[in-house]
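A.B. asks: pasting a predicted model and its sequence here:
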Amino acid sequence: MALTLVTGSTGRIGKHMVASLIASGKRVRALTRTAGSRKLPGVEMYLGDMRDAGSVKGVMRDVETVYHLAANVDFTSNWKDMYAANVTGTKNLIDLALESEVKRFVFASSIAAMGKKLSHIPADESEPCRPGDPYGKSKLEAEQLLLKAHEENGLPVSIVRPAMVYGRDFFEGYLYVMSGLESGKMPILGSGQNHIHFVHVSDLIQGLRLAADKKKAVGEVYIIADQEAKTQEWLLNTTAAALGVEPPKRHMPVALVKTLTFFHEKKAGLMKVKPKVVREHIDQLAMDRAFSIDKARKELGYEPKIDIGSGIREMVLWYKSMKRQKESS
């Protein structure tokens, strides 16, 4: 039986992908950079770093399908590190895939590749891409490399752009919001009427797997998101209700919150610790962005199964569980 390669297999999305593939009877090879990575049942672990072409030379052997999920998503990273992981790493995998018999290469990109300011909402795949941050720029450049490999060399590529991914174990940015709501310190940023679009990790896995299965998906780009975007205020109120606390009523200007966050980042840097929140998280909460999933519905048969209300309750239960564990340790 041919193998399915998953990069980023120990990451938050990767763990869900590996579990889904194993449950459906697939043979999985997991690319990992760490020799001490926990051995996953039914999974062949391959030690290597995609940034180093030599260390992953044999990773595509007997591989039929690739799910390229690995990426540097640390917004505090410098451009050199971001580029090495998200662009150079992707190029190295493309070169290896072209030398092998890969039948489908599915890339998990991001709506960040489209930029923070959309020409219209809901935006679809025809939206001009104008990323303004290093992460979005690196994701777009990786997309372009893949599409070029498809057009010039016939690599069977499919690109998936997920909205903001959430679910159990997705803590960056979300813990800031939930703890802020619990303490009564979380403000509404600006008017609170901006739209934010999410996708539950299980729905993202559905979209990625459909992209690998459908012939029509080769050479295409798909946005994968929830049924609809919700306003920031609705999301904060719904999360507060799930937490059993009062919803926020205080509004703060976005520029002021970003300035305060900038000083928080600098202080964390001086203390050599990771900041709990960065300006990118503030942007994600304050931007007005909504997306159309019509193309994924029509061509892939994609249909979101987790509504945002249920997903928020799941996140809150996980947050409370983690909090209890921390308090008891």
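C.D. replies: Sure, I can see it. Numbering: from 1, shown residues only.
A.B. asks: show the contacting residues for Arg130.
C.D. replies: 114-115, 117 (C-beta atoms under 8 Å, 6 or more residues apart in numbering). In this view, the C-beta of every residue, glycine as well, is placed from N, C-alpha and C.
A.B. asks: which of those count as buried?
C.D. replies: In those, burial by neighbour count holds for 114-115, counting by 16 or more other C-beta atoms under 10 Å.
A.B. asks: distance to Leu285, pLDDT and secondary structure added to the contacts of Arg130, as CSV?
C.D. replies: CSV is the format used below for the contacts of Arg130 (distance: C-beta to C-beta, whole Å; pLDDT from 0 to 100; DSSP: H, G, I helix; E, B strand; the rest coil):
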residue, distance to Leu285, pLDDT, secondary structure
Met114, 18, 96, helix
Gly115, 17, 94, coil
Lys117, 15, 90, coil
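A.B. asks: which one of the contacts of Arg130 is nearest Val278?
C.D. replies: If you rank those by distance to Val278 using C-beta to C-beta, Gly115 comes first, at 18.2 Å.
A.B. asks: how close does the closest one get to Val201?
C.D. replies: 23 Å (C-beta to C-beta, to the nearest Å).
A.B. asks: Serialize the contacts of Arg130 to CSV and add fields for distance to Leu235.
C.D. replies: What follows is the contacts of Arg130, written out as CSV (distance: C-beta to C-beta, whole Å):
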residue, distance to Leu235
Met114, 21
Gly115, 21
Lys117, 20
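A.B. asks: out of the contacts of Arg130, which is nearest to Leu146?
C.D. replies: Nearest member of the contacts of Arg130 to Leu146, counting by C-beta to C-beta, is Met114, at 15.9 Å.
A.B. asks: how about Ile159: what's its closest non-neighbour residue?
C.D. replies: Val221 (4.4 Å; C-beta to C-beta, 6 or more residues apart in numbering).
A.B. asks: what values do phi and psi take at the one you found?
C.D. replies: Backbone torsions of Val221, given as degrees, to the nearest 10, read phi -120, psi 140.
A.B. asks: pretty sure it contacts Arg161?
C.D. replies: Yes: counting by C-beta atoms under 8 Å, Arg161 is a contact partner of Val221 at 6.5 Å.
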